[in-house]
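# Predicted model follows, preceded by the sequence.
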Amino acid sequence: MKAKSLLSKFFSKGFTLIELLIVIAILGILAAGILVAINPVQKINQAKDANAKSDIGQIATALQAYFTVNSAYPPDLDTLVTPSNELKVLPSTTTYTYTRAGDNLNASVRYTLFVPVGANTLWCWRSSTGTAVAATTCPAP
């Protein structure tokens, strides 16, 4: 009888509760470490910023085309879609701030970055320079 119980105990299959809890704890610690290293929220915000920078580039190209034809910048960004058809649709995933000078000969478009570039919190395109750059302020044109 004793030999049979010793053999069954020796050959028993499965894991104890303590062993399972230790493995689960180790996996949890590893998963937490990976999430901290990857930081998915920052990656998502960087992707949003990249999309907005691309959108500003398209808006800037449309503004320059509009200016070439009309010798003035439009009163608002919606004018780039209708009636001028410089853009098929205005990017609507993000809020852009458009400003034009009183003489209609200069304009700027800005966007607030989710992930600042150093101390620079804005992505700014200005017609006077013709470039888009990260900046702390986007002066009126």
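On my side now, so go ahead. Residues are numbered from 1 along each chain as shown.
# mind listing what's buried in the lengthiest helix in the chain?
Identified as the longest helix of the chain according to DSSP state H is helix 40-70. For helix 40-70, the neighbour count (16 or more other CB atoms under 10 Å) marks 48-49, 52, 55-56, 59-60, 62-63, 66-67 as buried. In short, each C-beta sits where N, CA and C put it, glycine included.
# after that helix comes which helix or strand?
strand 97-100 (DSSP states H and E).
# Closest to the centroid, which residue in the chain?
Nearest to the geometric centre of the chain sits residue 48, at 1.8 Å (CA atoms, centre = their mean).
# tell me which helix or strand of the chain sits lowest on mean pLDDT?
helix 2-10 (a mean of 59; mean pLDDT, DSSP states H and E).
# any idea of the mean pLDDT in stretch 116-127?
Averaged across stretch 116-127, the pLDDT comes to 89.
# again with stretch 16-35
Stretch 16-35 carries an average pLDDT of 91.
# Run the chain-centre distance for it.
32 Å (CA atoms, centre = their mean, to the nearest Å).
# For the remainder of this discussion, apply numbering that starts at 28.
All set: I'll call the first residue 28, so the last point we hit is now stretch 43-62.
# For it, output the C-alpha coordinates as PDB.
Provided in PDB are the C-alpha atoms of stretch 43-62 (Å, rounded to 0.1, in the frame of the first residue of the first chain):
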ATOM      1  CA  THR A  43       0.900  23.100  -7.600                       C
ATOM      2  CA  LEU A  44      -1.000  26.400  -7.000                       C
ATOM      3  CA  ILE A  45       2.200  28.100  -5.700                       C
ATOM      4  CA  GLU A  46       4.100  27.200  -8.900                       C
ATOM      5  CA  LEU A  47       1.300  28.600 -11.100                       C
ATOM      6  CA  LEU A  48       1.100  31.800  -9.000                       C
ATOM      7  CA  ILE A  49       4.900  32.300  -9.300                       C
ATOM      8  CA  VAL A  50       4.800  31.900 -13.100                       C
ATOM      9  CA  ILE A  51       1.900  34.300 -13.400                       C
ATOM     10  CA  ALA A  52       3.700  36.900 -11.300                       C
ATOM     11  CA  ILE A  53       6.900  36.600 -13.400                       C
ATOM     12  CA  LEU A  54       4.900  37.000 -16.600                       C
ATOM     13  CA  GLY A  55       3.100  40.100 -15.200                       C
ATOM     14  CA  ILE A  56       6.400  41.700 -14.200                       C
ATOM     15  CA  LEU A  57       7.800  41.100 -17.700                       C
ATOM     16  CA  ALA A  58       4.700  42.500 -19.400                       C
ATOM     17  CA  ALA A  59       4.800  45.600 -17.200                       C
ATOM     18  CA  GLY A  60       8.500  46.100 -18.100                       C
ATOM     19  CA  ILE A  61       7.800  45.800 -21.900                       C
ATOM     20  CA  LEU A  62       4.900  48.300 -21.700                       C
END
